[in-house]
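Trainee: just the structure for this:
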Amino acid sequence: MDFIAWALVALPAAAGLGGLLLRRREHAAWLGVGTPAAALVCAVVAAFGNPAAAFTLADFGSVRVSAALDLSPTAVAVAIASALVSTLVQLYSVAYLREDARYVPFAAQVNLFCAAMLLVVCADDLVFLLIGWEVMGACSYLLIAHYAKLPAAPGAAAKAFLVTRFGDVGFVLGVMVLGVSAGTFRIGEIEVSSAVAAVSMLLILFGCVGKSAQFPLQVWLPPAMAGPTPVSALIHAATMVAAGAYVLTRLLPVWPEGLLLVVAVVAAVGMVGAGVCAFAATDVKGVLAWSTISQVGFMFAAVAVSAADTALFHLLAHAAFKALLFLTAGVVIALAGTDGSLATTRLRPRSAPLAFWSVTIGLAAMSGLPPLGGFYSKEAVLGAAYEAGTPAGVVVFWAGVVASIVTAAYSARLWLLLFWRGGPRARLAAPRAEAVGLWTLAVATVGTGALYYAGPLRVPELHLDLMALMLIATAGGLYVVADSWWRDRARDPNRLLGRAKGAFALGLYGEALATGAARGAARVASGAARVLDEQLVDRAAVEGSARATVAAGRGAALGHRGGLARHLRLSAAGTLLVAAVAIGVSLWT
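Mentor: Got it, this is the predicted structure:
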């Protein structure tokens, strides 16, 4: 079984590196689809054996770094979701990028991304996990920038890379502090003092916030929609954006309980703020991007109340319905022949039935309608917050209720604007490869609710009062939008935001604030560097050393002035002084 653990990560990694050397599209397609499918088989086999493997990479005496994998039941569940989404994304891309000249490197990069995410999921050593964490960030840069000729793509890729790297500085520092203090980087063996735990976990939280696009480092995710739609599905579903929440669940035993309120505040802002921004977004993928930030906020909310399995339950449910929504968004945009703007993208339910039902199922799951997986996972998050009885629990509970209302509202708005404003009457069909992905994810979205009853996750029992509260909140969000729509179909329901609509459409000016802060920090840093260079380097080091050299030369010149008699006296005095010192030292010893 140890072989299965290594094969799970090694197969997509080898295929990704080898795929970069291929030239023919057919070979890249077979390798692209077949490798994550093989990894999926390995993950399913691992579910029956809980394999683990490790060997020492480096031994520094007091600290050892190991290449360690541990496929616990929860890790296997996330690995299955990641491998399944990667397989379907590769299959979808065969048709979606059928005319793309750069498909071959794209398929290889997706396999490398898949390998990196599986390493993050399965690694039992923080340094080993860090390798996958960094490779995943590098691959995301390449994938977002795939459309190099698209004006927005290179900038979006650079922004994603820089913002996540900014967060990763804290992540790396936190890992180093934690491992060195504990004397080990093995996740299950870490034990440190409360002070060290507080410092290291806040640093790691900062890195997870960056990778998961949570407040205040959420600014990179909406622009990342400039990448191909399969990339959006890959990044947003069970892979990169969920990685931060997953790592926090692995390190929950280390968290000081008093600091979980910080996680709760981050989650609350993400759930509600990003939800309102999704309601005001003006394009299909923009709505889904902001919704991802909001839904990942639910995972952080579960972490804030120490409910690791509940966070993973919502991660798995979110992986299914968000991958379904993004892949369907690509089909809808292609069939409608638009750029994805909600002002122009429209289809009739009868003209594209598969796209209609896929969007309907995905949005219903995201809104939390029973019996879909999103209903059970959100109820579990609210139930865990309700049972926690802590300040963090109170914050995330009420934020979750408000976020449920907002989620229903922006889901209803997107559904109405896409399918109930007319569109082409001709029957439109997606390519077979894309259709297979949509059908598979639709079934998975419906079936994830079964994880509540038969899965390996331990989640709170259903609360009838919380179920009623969540359904009322969802119904309230649906009613507000439906009422606005039926009163005036010609106008977008987001006018309910009034004059604040523009601010929420721009993400509450988060990007402008981040740009201003970056420019201000750059000005301060450049000014400090200039002062340091002028005052310390130029004046103190260069000019100071020159003045000291000149003064020493002048002193030496003065010493050489005088007659022969003076030099003889100085030589005799020096000889006597050296002799006296030597005699004194010999007598002392």
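
Trainee: wait, doesn't residue 154 sit right on residue 142?
Mentor: No. The criterion here is C-beta atoms under 8 Å, and residue 154 misses it with residue 142 at 11.2 Å. C-betas here are computed from N, CA, C, even on glycine.

Trainee: between the two, tell me which one has more neighbours.
Mentor: residue 142 (19 against 16; other C-beta atoms under 10 Å).

Trainee: now that one. Nearest residue, chain neighbours left out?
Mentor: Using C-beta to C-beta, 6 or more residues apart in numbering and skipping residues adjacent in sequence, the residue nearest residue 142 is residue 109, 5.1 Å away.

Trainee: check which helix or strand that neighbour maps to.
Mentor: helix 103-122 (DSSP states H and E).

Trainee: return that helix as CSV; C-alpha atoms alone will do.
Mentor: The C-alpha trace of helix 103-122 is given here as CSV (Å, rounded to 0.1, in the frame of the first residue of the first chain):
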residue,chain,number,x,y,z
TYR,A,103,-2.9,23.0,-25.5
VAL,A,104,0.1,20.7,-25.0
PRO,A,105,1.9,22.8,-22.3
PHE,A,106,-1.5,23.6,-20.8
ALA,A,107,-2.3,19.9,-20.2
ALA,A,108,1.2,19.4,-18.7
GLN,A,109,0.7,22.3,-16.3
VAL,A,110,-2.7,21.1,-15.2
ASN,A,111,-1.0,17.7,-14.3
LEU,A,112,1.7,19.5,-12.3
PHE,A,113,-1.0,21.5,-10.5
CYS,A,114,-2.8,18.3,-9.7
ALA,A,115,0.4,16.7,-8.3
ALA,A,116,1.1,19.7,-6.2
MET,A,117,-2.4,19.8,-4.7
LEU,A,118,-2.3,16.1,-4.0
LEU,A,119,1.0,16.6,-2.2
VAL,A,120,-0.5,19.3,0.0
VAL,A,121,-3.4,17.0,0.8
CYS,A,122,-1.3,13.9,1.6
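
Trainee: which other helices and strands does that helix contact?
Mentor: Under the contact definition 3 or more C-beta pairs under 8 Å, 6 or more residues apart in numbering; DSSP states H and E, helix 103-122 sits against helix 2-19, helix 25-46, helix 73-96, helix 126-144, helix 229-236, helix 240-250.

Trainee: which parts of the third one are buried?
Mentor: For helix 73-96, the neighbour count (16 or more other C-beta atoms under 10 Å) marks 74-96 as buried.

Trainee: any idea how far apart the tips of stretch 60-79 sit?
Mentor: Length of stretch 60-79, first residue to last, C-alpha to C-alpha, to the nearest Å: 31 Å.

Trainee: for the record, mean pLDDT for that stretch?
Mentor: In this model, stretch 60-79 has an average pLDDT of 85.

Trainee: i'd like the first residue to be 591 from this point on
Mentor: Done: numbering now begins at 591, and the last item shifts to stretch 650-669.

Trainee: what about it, distance to the chain center?
Mentor: For stretch 650-669, the gap between its own C-alpha mean and the chain's C-alpha mean amounts to 20 Å (C-alpha atoms, centre = their mean, to the nearest Å).

Trainee: ok, now which ones touch residue 722?
Mentor: Counting by C-beta atoms under 8 Å, 6 or more residues apart in numbering, residue 722 makes contact with 705, 706, 707, 708, 709, 710, 713.

Trainee: quick check: domain ranges of this protein?
Mentor: Each domain of the chain is listed here as a residue range: 851-870+883-1099, 1107-1135+1154-1178, per automatic domain parsing.

Trainee: okay, the ones you listed, which one's buried deepest?
Mentor: domain 851-870+883-1099 (a mean of 21; mean count of other C-beta atoms under 10 Å).

Trainee: now that one, how far from the centre of its chain.
Mentor: For domain 851-870+883-1099, the distance to the chain centre is 19 Å (C-alpha atoms, centre = their mean).

Trainee: which residues in the stretch 791-940 of the chain form helices?
Mentor: Here the stretch 791-940 of the chain has its helices, by DSSP state H, counting those that start in this stretch, at 819-826, 830-840, 850-870, 874-894, 898-926.

Trainee: which among the ones you listed is found nearest to residue 1109?
Mentor: helix 850-870 (23.0 Å; C-beta to C-beta).

Trainee: so which of the helices and strands packed on helix 693-712 gets nearest residue 1044?
Mentor: helix 663-686 (11.7 Å).

Trainee: related to what we said a few turns ago, so for residue 634, which of the domains of the chain sits nearest?
Mentor: Taking C-beta to C-beta, domain 851-870+883-1099 is the member of the domains of the chain nearest to residue 634, at 13.2 Å.

Trainee: returning to that earlier point: for residue 943, find the nearest of the helices and strands packed on helix 693-712.
Mentor: Per C-beta to C-beta, nearest to residue 943 of the helices and strands packed on helix 693-712: helix 663-686, 18.4 Å.

Trainee: what residue ranges in this structure score low on pLDDT?
Mentor: Regions of the chain meeting the criterion pLDDT under 70 cover residues 591, 828, 1045, 1078-1105, 1107-1108, 1128, 1146, 1148-1157, 1179.
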